[in-house]
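Undergrad: Model the structure of this input:
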Amino acid sequence: MITWLLLAPAFAQGIPDATVTMPWNRFEELYQRGLAPEEIPAESPRDWSLNRAVYSGRVVDDESAVFDATLQVEVHAVDRWVTVPLLPTTVGLQRARINGQDASIYLDGGWYTLVTDRQGTFTVELDFAASVYESDGRSSTAFGLAPSGGTEVSLEVPSADPLTFDVPRAQLVQDDIPRAGVRRMTAVLPANANLSLGWTRALPEEEEAQGEPRLYAETHTLVGIGDGVLAGHSEVNWTLVNQGRETFSVELPADVAVLEVTGSGVREWDTIRDGDSQRIDVQLNFEALGAYRLFIDYERPLQDGSLETDIPQLVVPGVERVKGYVGVEARSNLEITAADGVSNATNLDVRELPASVLGRTDQPVLLGFKVRNNDWNIPLQVDQHEDVDVLVTVSDMAEATTMLTPDGRQMGRMIWYVRNNRRQFLRLEMPEESEIWSVQVAGRAVKPARDEDGQTLIPLVRSQAAGGALAAFSVEVVWVEPGAEPDATGRGSATFDLPTTDIPITYMRWSVYTPSNAKVSKRAIDATLRRVDYFNTPVTPEGEYIGGQIQKQQERTAAAQAASMENGVEPVEVAMPIEGKPLYFEKLLVLDEELTVNLDYKLKKSR
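TA: Numbers count the residues shown, from 1 in each chain. Predicted coordinates for the structure are as follows:
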């Protein structure tokens, strides 16, 4: 306690001197307050906050619901504009109001956004519509929510039956007392939760207890027949009414091998043989309710050649009603038709088969059937026809250059642009008395071989895939021939031969160079190719020039092809000293035939 003698101020007339008595802590508080500087308000950490949000909705039809939302917004920024995201653009905003007047809204980052210069606390009212989705008896709606301090959602659904509401992440869900055929739900959500609200028809407990258990099944089967095997894939869909199950069974003929049984929650499965059939028992790790789906893969060995067989009959025991669909595909060069004796199965246009059958294969489905019980039979006639050989290696283009020297010797180079699938060698019949100087495949030197027939074998690589097709690589051979010298008067004749191959050539072009001082009469030229003044570059059916196409393919694959070649021969660059006057020859579609040019010439005497 302290006693303080106060002197009366000059303007306090008529007030006598007085003594004030107060506690020490009160005096110290007043004293410190008088010394403290004037407080300066700190800047708000956020420009705005959403203190509370209430969403009230009602379902108006099977595809939409309308909502009224009330959002309490508080703006903390002073003397400037702020933007506040309110709703995602996945919903349809009908109106936004503040104090009964339209609010300024624009789109920003997928949100309807409020722009305002108001200060303090105010209320934003929103009217919008959201989509309602229905799947497997469950209806739902979902959209994003702006983070707020408190979020409450209510929804009215027209329904005469009780409903079960599901609101993930909700802290409190209440079903209000139904009224006039309308069910109402109220939920409180966390601050950062998005709304995902679903509802289904609730089954009364007494109805579930009194209902009689029923079991139905539908099967979807695709059978593929290839060389020596019949492969089947079946999808079994059970519908369970009024009772769940943990075990399921199907039956197949005993002559098929069950490869795999899969499904949701399959704990184990086993096969039990009984005479001509086998039962597949499946144990789940949960009780399946409403519906369950199982997948079964199996196969049956077949003899080679043409034969008769039947589609393995898939039986679903213990069901009240079963129906199914069966599709048949050929996985090799086989002709498959339905044989006589089809029973309890109806032919079906394959386009009417379920997507679970058609979508399992890239091959065309040849036959389709619909079955309505467990006692059906579909015999098949399988005819195997003789395979027709097709090309596995082709040269889209080949180009050759041959040079005649003044003393009658010849030097030649030929390049094939090859697309090869699985051939090991390119077989060449080289001109007589020729000597190979170099061989390159895909830009790398290789060592050729010779077989017992005297043919030259050039090892090939396999073409790489490029743009959905096989890319071309180059095969190059350089050789020399002795030839025949001209006589004393300068007259001579030459026969030029190119190597012949065992693969077709789509387009062939050949440049023959004679000495610069040689005179060649057109009548003195005899060739198996057409002589031209310039080369015509053919066009493929796709409209692309062959030359450009091959060049691009080779550029894409040269590195990969070179890496796949075996080491052993160092690359040798053989340069052809091209000089003289050229003659041009070309031919479309060369098929295992000789390519020859014969000509007579006379050398002019140099002055």
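
Undergrad: The residue lying closest to Glu260 once chain neighbours are set aside sits in which helix or strand?
TA: Residue nearest to Glu260 in three dimensions, not counting chain neighbours: Asp297, with 4.5 Å by CB to CB, 6 or more residues apart in numbering. Quick note: C-beta positions are derived from backbone N, CA and C, even for glycine. Assessed by DSSP states H and E, Asp297 sits inside strand 291-301.

Undergrad: who touches that strand?
TA: 228-240, 245, 248, 250, 252-253, 255-264, 266, 280, 282, 284, 309, 312, 314 (CB atoms under 8 Å, 6 or more residues apart in numbering).

Undergrad: Give me the buried positions along that strand.
TA: Tyr292, Leu294, Ile296, Tyr298, Glu299, Arg300 (16 or more other CB atoms under 10 Å).

Undergrad: hang on, Glu28 in a helix?
TA: Yes - the assignment for Glu28 (DSSP: H, G, I helix; E, B strand; the rest coil) places it in a helix.

Undergrad: what's the neighbour count on it?
TA: 11 (other CB atoms under 10 Å).

Undergrad: Could you measure from it over to Val20?
TA: 15 Å (CB to CB, to the nearest Å).

Undergrad: go on, Glu74?
TA: Counting by CB to CB - Glu74 and Val20 are separated by 44 Å.

Undergrad: out of the two, which sits in the more crowded spot?
TA: With neighbours defined as other CB under 10 Å, Glu74 and Val20 compare such that Glu74 has more, 18 against 10.

Undergrad: Just give the nearest non-adjacent residue to the more buried one, would you?
TA: Thr121 (4.5 Å).

Undergrad: contacting residues around that neighbour?
TA: Taking CB under 8 Å, 6+ apart, one finds Asn51, Gln72, Val73, Glu74, Val75 in contact with Thr121.

Undergrad: from the residues you listed, which ones fall inside strands?
TA: Using DSSP state E, the subset of the contacts of Thr121 located in strands is Asn51, Gln72, Val73, Glu74, Val75.

Undergrad: Out of the residues you listed, which comes closest to Asn421?
TA: Closest approach between the ones in strands among the contacts of Thr121 and Asn421, by CB to CB: Val73, at 70.3 Å.

Undergrad: residues touching that closest one, list them.
TA: Trp48, Ser49, Leu50, Asn51, Val84, Leu114, Thr121, Phe122, Thr123, Val124.

Undergrad: Any chance of TSV for the residues you listed, columns secondary structure, distance to Ser438 and pLDDT?
TA: Listed next are those as TSV, based on DSSP: H, G, I helix; E, B strand; the rest coil; distance: CB to CB, whole Å; pLDDT from 0 to 100:
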residue	secondary structure	distance to Ser438	pLDDT
Trp48	strand	80	88
Ser49	strand	82	90
Leu50	strand	80	89
Asn51	strand	86	89
Val84	strand	78	92
Leu114	strand	79	93
Thr121	strand	90	91
Phe122	strand	89	92
Thr123	strand	89	93
Val124	strand	84	93
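
Undergrad: nearest to Trp376, of these?
TA: Distances from Trp376 to those, taken by CB to CB, are shortest for Leu50, at 64.2 Å.

Undergrad: So, low pLDDT: which residues of the stretch 201-350 of the chain?
TA: 202-211 (pLDDT under 70).

Undergrad: Show me the domain layout of this structure.
TA: Following automatic domain parsing, one gets these domains for the chain: 2-35, 48-201, 214-384, 393-603.

Undergrad: State the distance from Pro168 to Ser140.
TA: Pro168 is 10 Å from Ser140, by CB to CB.

Undergrad: what is in contact with these two at once?
TA: Shared contacts of Pro168 and Ser140, counting by CB under 8 Å, 6+ apart, come down to Ser196.

Undergrad: Compare these two (neighbour count), which wins?
TA: Shown here are Pro168 and Ser140; by other CB under 10 Å, Ser140 has more neighbours (15 against 12).

Undergrad: give me the beta-bridge partners of that one?
TA: Beta-bridge pairing of Ser140, defined through DSSP bridges, involves Tyr133, Gly198.

Undergrad: Test my guess that it contacts Val132.
TA: Yes - here Ser140 lies in contact with Val132, judged by CB atoms under 8 Å, at a distance of 7.2 Å.

Undergrad: with the contacts of Val73 in mind, which one is nearest to Phe425?
TA: Val84 (76.6 Å).

Undergrad: Who's the closest spatial neighbour of the closest one, skipping the chain neighbours?
TA: Nearest one to Val84, counting by CB to CB, 6+ apart, is Leu114 at 4.4 Å.

Undergrad: Distance of that neighbour relative to Gly100?
TA: 16 Å.

Undergrad: Looking at the two now, which is surrounded by more residues?
TA: Neighbours were tallied for Leu114 and for Gly100 using other CB under 10 Å; the higher tally belongs to Leu114 (23 against 6).

Undergrad: Contact partners for the more buried one?
TA: Contacts of Leu114 by CB under 8 Å, 6+ apart are Val73, Thr83, Val84, Pro85, Leu86, Ala96, Ala103, Ser104, Ile105, Val124.

Undergrad: related to what we said a few turns ago, who are the packing partners of the next helix or strand along the chain from the strand holding Asp297?
TA: Once the chain leaves strand 291-301, the next helix or strand it forms, by DSSP H and E, is strand 307-310. Here strand 307-310 touches strand 379-384, going by 3 or more CB pairs under 8 Å, 6 or more residues apart in numbering; DSSP states H and E.

Undergrad: would you put the C-alpha positions of the strand it packs on in PDB?
TA: Extracted in PDB, the C-alpha atoms of strand 379-384 (Å, rounded to 0.1, in the frame of the first residue of the first chain):
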ATOM      1  CA  PRO A 379     -18.600 -78.300 -81.700                       C
ATOM      2  CA  LEU A 380     -16.100 -76.600 -84.000                       C
ATOM      3  CA  GLN A 381     -14.500 -77.700 -87.300                       C
ATOM      4  CA  VAL A 382     -10.900 -76.600 -87.500                       C
ATOM      5  CA  ASP A 383      -9.200 -76.700 -90.900                       C
ATOM      6  CA  GLN A 384      -5.500 -76.100 -91.300                       C
END
